[in-house]
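Participant: Dropping the sequence and predicted coords here.
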Amino acid sequence: MISVSLISLIAYFLCVPLTIIMILWLYDDEKRSFKKVVPTQKTMCECDICLYHFTADKEDKFVRCPQCGNLMERKSAKH
C-alpha cells in the first residue's frame, strides 16, 4: 500500500486546481491582448440641444440627432 501524508494530499489538492486556474487566466489574458483594432469611418458627435452623444459618418456635413431629431452641422475636430 502506498502511504501519503496528509500534508502532501493538501498540497496536491491545492496546487493542481490553482495551477489550472492560473494557466487558464494567462491563456485568456494573452487572447485578449491580441485583439485587433479595426478603424472606423465614423466619428463621435454631440447634439447641441439634448447633449446626446452618437456616431456619424465622417463625410457627412450635416447630421441628425437620433434622440431629438435636431439637424445640425457637424463641427470640425479641434486639436
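Facilitator: Great, that's in hand. Numbers count the residues shown, from 1 in each chain.

Participant: From here on, just use CA atoms for contacts and neighbour counts.
Facilitator: Will do.

Participant: So which helix or strand of the protein has the lowest pLDDT on average?
Facilitator: Taking mean pLDDT, DSSP states H and E as the measure, the chain has strand 42-46 as its least confident helix or strand, at a mean of 86.

Participant: Strand partners (parallel or antiparallel) of it?
Facilitator: The strands beside strand 42-46 in its sheet (DSSP bridges) come out as strand 53-57 (antiparallel).

Participant: Please identify the buried residues of the partner strand?
Facilitator: residue 56 (16 or more other C-alpha atoms under 10 Å).

Participant: send the alpha carbons of that strand over as CSV?
Facilitator: Output of strand 53-57 as CSV, limited to C-alpha atoms (Å, rounded to 0.1, in the frame of the first residue of the first chain):
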residue,chain,number,x,y,z
HIS,A,53,-23.7,61.6,-27.9
PHE,A,54,-23.9,59.5,-31.1
THR,A,55,-21.7,58.4,-34.0
ALA,A,56,-22.0,59.7,-37.5
ASP,A,57,-20.1,59.2,-40.8
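
Participant: any idea how far residue 53 lies from residue 65?
Facilitator: 9 Å (C-alpha to C-alpha, to the nearest Å).

Participant: Need the overlap of contacts for these two.
Facilitator: Common neighbours of residue 53 and residue 65, counting by C-alpha atoms under 8 Å, 6 or more residues apart in numbering, are residue 47.

Participant: tally of neighbours for residue 45?
Facilitator: 20 (other C-alpha atoms under 10 Å).

Participant: Contacts only, for it.
Facilitator: So residue 45 contacts 53, 54, 55, 56, 74 (C-alpha under 8 Å, 6+ apart).

Participant: Next: residue 14.
Facilitator: With C-alpha under 8 Å, 6+ apart, residue 14 has no contacts at all.

Participant: Report the rounded mean pLDDT for the host helix or strand of it.
Facilitator: Per DSSP states H and E, residue 14 falls inside helix 6-33. Per-residue pLDDT over helix 6-33 has a mean of 91.

Participant: Thanks a lot, catch you later.
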